[in-house]
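Asker: A structural model of the following input is requested.
(chains A and B)
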Amino acid sequence: MSQTGFPSALDFSKRRECNSVAAADNGQVITVCGWVYRYRDQGGVLFVDLRDRSGVVQVVFDMAIDAELLKKAESLRGEDVIAVIGKVRLRDKNAVNAKLATGEIEIVATTLELLSKAKPSPIPLDEHDQEASEELRLEYRFLDLRRKPMQEALRVRHEFIRTVRNFLDGEGFWEIETPILNKSTPEGARDFLVPSRLNAGEFYALPQSPQIFKQLLMVAGSERYYQIARCFRDEDLRRDRQPEFTQIDIEMSFIDKEMIMALNERLIAAAMQSAFGVTVDAKPERITYHDAMELYGNDKPDTRFAMQLTELGDWAALTEFKVFKGAAETGRLKALCVPGGASLSRKDIDDLTQWVMQDYKAKGLAWVKVSETGLESLITKFLPEAAQQELLKRTGAKAGDIIFFAGDRADIVFATLSALRLKLAEKLNLIPDTYKASWVVDFPLFDWDHETESLLSVHHPFTAPVPEDAHIVKAAANAACITPEMQKALLKVRSNAYDFVLNGVEIGGGSLRIHASDLQQAIFRLLKISDAEAESRFGFLLKGLTFGAPPHGGIAFGVDRVLMLGLKRASIRDVMAFPKTQKGTCLMSGAPSPVDEKQLRELYVKSTAPVAKVR
RNA sequence: GGGGUUGUAGCUCAGUUGGUUAGAGCAUCCGCCUGUCACGUGGAAGGCCGCGGGUUCGAGUCCCGUCAACCCCGCCA
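Answerer: Below you'll find the model as predicted:
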């Protein structure tokens, strides 16, 4: 018996990776292990493409060399796990396979060990086969992950994170872990809760992000912290949203906004380069929130292509169209010129109209096509010559283009035109295949919540206002009541926050934090979080800020989304090893699942679900 | 919570206007083949047409419901 426990000369310590075998090994006797990727039985000779993590190499079983062994090899099937000892041989010139990295050589088998027999795979694993449905791929994820695109995703993901770790280590950051079992601070997303057995009726929450802990690490004098942090948010899923996801979480002390932005520009450039071989701007452009909304209708604009929105608020007066005039008075009127969009059929436009009405609450979708002879549309009769000329001038529209109009409440106008811009640019192939990053800055600090009639944090309540605007916050917080003027001023207060946007995807965001407890308390007051409530929810942070807190700030990047972009995958699930379905279930393990009554009793928990679902 | 797409052999799909025994490719099984490389080749087996109702002489096909996966809106500090 060998050390491996197999009755042969097999010695795993001698194993070579399949892809490493090369012409230089000619004549060597080597050991390779892996999965049977393909086999080609020719009768007297049988070829096996042996696959391991590194790649594929051809193994030959030849009747002329060992008829017994050939017989044994004839029973091999796809995905059997085998070990082969054999002699490396140069292939004949006409037998070289240029498509294979190891195509110059082959391994003539002298020993074959079947390490594990495989049932036929329920999903095709060959890169040339049609991909199985995602449902099956998720059920048999351990097989799906053997496939080349998935292996690549795991490898690149590792490479990306490795680069991030090395980079931040080189910049003096400490990787520090923060708790997963946490205090619930219901602000923003819904928490995942964990009942406490030792504290009847009480619950931990899984972290939506390590926000408060990373700030307290600054109070604790860590100065430069990072973490590849798992975050949890119990919200509905999307193509780019999973209930648990990974962030590069960063926090620094004694820095200003420029320092943070500059460091992260270098970090992302380095990681994109090493993981994807992609070069992104070392100095991404900066766009204010205001400009992003006005020009793209979106706070995470895809700036790889222009197609900027056109302001038509004052233009409406030139027309005789009541709908436009009304919108310009009570809301906003803007247009989107789509180059080449005149090719859209009437049905295309009808479909788009239905879509923006259904999804973005638009009341309709007005349009004009531009041709050599003039404007074509149902609404041209409302557009006098002067209005038509001015429209062409402002939008820069040329023959063959189409102009869409949106006149409504501001948020509806922005949402509608932004969605149209992205959808049509993609449909008409107007988006170049590049990577373009930008910072979005000068976000408002507060938003107005129509439901509760109160202020809301745009970012999170620990975000600092820009220094020039801090006095407005303090004055309003100290005032006996908020006057309408004050409220207006508050909604204009800019935050010291920044979002990193790559190809129209928000991949990171952060801010300078409030490090003074009085300003923090002022913000809570304005957010209608009472002293008592603030104390019970974030008391430990507030307390921390009173014991000597350094000026600090940070950022967090969504690892999964960056990988999605870098690998050009359609879904976040394709860059994660074990993702969940849109309903948050794991098709492989069956999670979530009912638990024993006993477990619930121990946790002082009683389910009020009508009836446990049978899956 | 709302809108949409899909569900037929192990897998990917086709299936006409509702009409005989539901097909193809790949995989599987049994053969043949000494240089293939997505090998080739001969044969065989393989079906709860997602599930439950309904309409009909007759349903994979039409209607209602339901389940699942996916996409979008709401939601996601």
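Asker: now do the closest residue to A:Val368 other than its chain neighbours, the pLDDT please.
Answerer: Sequence neighbours aside, A:Ser377 is the residue nearest to A:Val368 in space, at 3.8 Å (criterion: Cβ to Cβ, 6 or more residues apart in numbering). All C-beta spots, glycine's among them, are computed from the backbone N, C-alpha and C. Each residue has a pLDDT score; the one for A:Ser377 is 94.
Asker: A:Lys71 should be in a strand, yeah?
Answerer: No. Under DSSP: H, G, I helix; E, B strand; the rest coil, A:Lys71 sits outside any strand and is assigned helix.
Asker: re earlier: so the residue nearest to A:Val368 is in contact with A:Leu365, correct?
Answerer: No. If you go by Cβ atoms under 8 Å, A:Ser377 and A:Leu365 don't touch, sitting 11.5 Å apart.
Asker: let me see the mean pLDDT of stretch A:450-462.
Answerer: pLDDT averaged over stretch A:450-462 gives 84.
Asker: stretch A:321-334 now?
Answerer: 95.
Asker: what do you get for stretch A:503-514?
Answerer: Mean predicted lDDT for stretch A:503-514 stands at 96.
Asker: got it, and stretch A:213-228?
Answerer: 98.
Asker: and for stretch A:63-70?
Answerer: 96.
Asker: and the helices in the stretch 1-150 of chain A?
Answerer: Ranges of helices in the stretch 1-150 of chain A, per DSSP state H, counting those that start in this stretch, are A:67-73, A:134-139, A:141-144, A:148-170.
Asker: can you tell me which of these is packed in deepest?
Answerer: helix A:141-144 (a mean of 18; mean count of other Cβ atoms under 10 Å).
Asker: which strands and helices sit next to that helix?
Answerer: If contacts are counted by 3 or more Cβ pairs under 8 Å, 6 or more residues apart in numbering; DSSP states H and E, helix A:141-144 sits against no helix or strand.
Asker: so who does the residue in chain A sticking out farthest from the centre touch?
Answerer: Ranking residues of chain A by C-alpha distance from their mean position (Cα atoms, centre = their mean) puts A:Ala64 at the top, at 55.2 Å. By Cβ atoms under 8 Å, 6 or more residues apart in numbering, the residues touching A:Ala64 are A:Gly44.
Asker: hang on, the earlier thing: looking at the helices of the stretch 1-150 of chain A, spot the one closest to RNA strand B.
Answerer: helix A:134-139 (4.2 Å; Cβ to the nearest atom of the strand).
Asker: and that closest one, how far out from the chain middle?
Answerer: 20 Å (Cα atoms, centre = their mean, to the nearest Å).
Asker: stretch A:37-53 now?
Answerer: 39 Å.
Asker: ignoring the adjacent residues along the chain, who's closest to A:Ala342?
Answerer: Nearest to A:Ala342 is A:Lys369, by Cβ to Cβ, 6+ apart, at 4.3 Å.
Asker: determine how far the helix or strand in which that neighbour is found lies from the middle of the whole chain.
Answerer: Element membership for A:Lys369 (DSSP states H and E) is strand A:366-371. Distance of strand A:366-371 from the chain centroid (Cα atoms, centre = their mean) equals 36 Å.
Asker: residues of that strand that come out buried?
Answerer: If you call a residue buried by 16 or more other Cβ atoms under 10 Å, then strand A:366-371 has these buried ones: A:Ala366, A:Trp367, A:Val368, A:Lys369, A:Val370.
Asker: reformat the residues you listed as a markdown table; add distance to RNA strand B.
Answerer: Shown next, in a markdown table, are the buried residues of strand A:366-371 (distance: Cβ to the nearest atom of the strand, whole Å):
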| residue | distance to RNA strand B |
| --- | --- |
| A:Ala366 | 21 |
| A:Trp367 | 20 |
| A:Val368 | 26 |
| A:Lys369 | 26 |
| A:Val370 | 28 |
